[in-house]
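Peer 1: any chance you could fold what I've pasted below:
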Amino acid sequence: MPRRRRSLRRIVASAGIALLSVELACFAGGRFLAKAGFLYDPPRNEDYDHYRSDRDPVTGWPPASSVGHGDYDRAGSRFVPSFPDPSLPSAIALFGDSFTWGGGVRPEEAFGNVLAELVKRRVANYRIGR
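Peer 2: As a prediction, the model looks like this:
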């Protein structure tokens, strides 16, 4: 039994040393490639930093001050032309990125409004992130 334990310990120690060696080699290789310019290092965008500072840090939702103005109704959803009264109960709530929100299209063409027309009920369309 002691011989088996020793050989098992050697196998585990050898595997740990091998994995650590691979990890260190990958780390060093990544640093080298980054310095050599082979890896993409995205530039920091000052506008994006300002954009994020004005958002909820967890959900990415816009500040409460913008709700009820522009693209948002009083409930914080994107304006739904088919059901413009935000006090109506929503049958469906959408949470997603710019594709769900319908970035770049008119409110009438946004996914939430098209879905509201199909189900004949209000669909709240909340945007997460940019």
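Peer 1: quick one, longest helix in this protein?
Peer 2: Taking DSSP state H as the criterion, the chain has its longest helix at helix 2-36.
Peer 1: give me the mean pLDDT for it.
Peer 2: For helix 2-36, mean pLDDT rounds to 90.
Peer 1: then stretch 119-130?
Peer 2: According to the model, stretch 119-130 has a mean pLDDT of 81.
Peer 1: the strands in the chain, which residues?
Peer 2: Under the criterion DSSP state E, strands of the chain are mapped to 90-96, 122-127.
Peer 1: if we can go back for a sec, report all helices and strands that the longest helix of the chain contacts.
Peer 2: Helices and strands touching helix 2-36, by 3 or more C-beta pairs under 8 Å, 6 or more residues apart in numbering; DSSP states H and E: there are none. Where you see a C-beta, it was placed from the backbone N, CA and C, and this is true even at glycine.
Peer 1: return the set of buried residues in it.
Peer 2: Neighbour-count burial for helix 2-36 flags no residue at all (criterion: 16 or more other C-beta atoms under 10 Å).
Peer 1: break this protein into its domains for me.
Peer 2: 1-41, 57-127 (automatic domain parsing).
Peer 1: circling back to that earlier point, taking the strands of the chain together, which one is wrapped up most tightly?
Peer 2: strand 122-127 (a mean of 24; mean count of other C-beta atoms under 10 Å).
Peer 1: tell me what that one is packed against?
Peer 2: strand 90-96, helix 98-101, helix 111-119.
Peer 1: let's see 6 Å
Peer 2: If you count contacts as 3 or more C-beta pairs under 6 Å, 6 or more residues apart in numbering; DSSP states H and E, strand 122-127 packs onto strand 90-96, helix 111-119.
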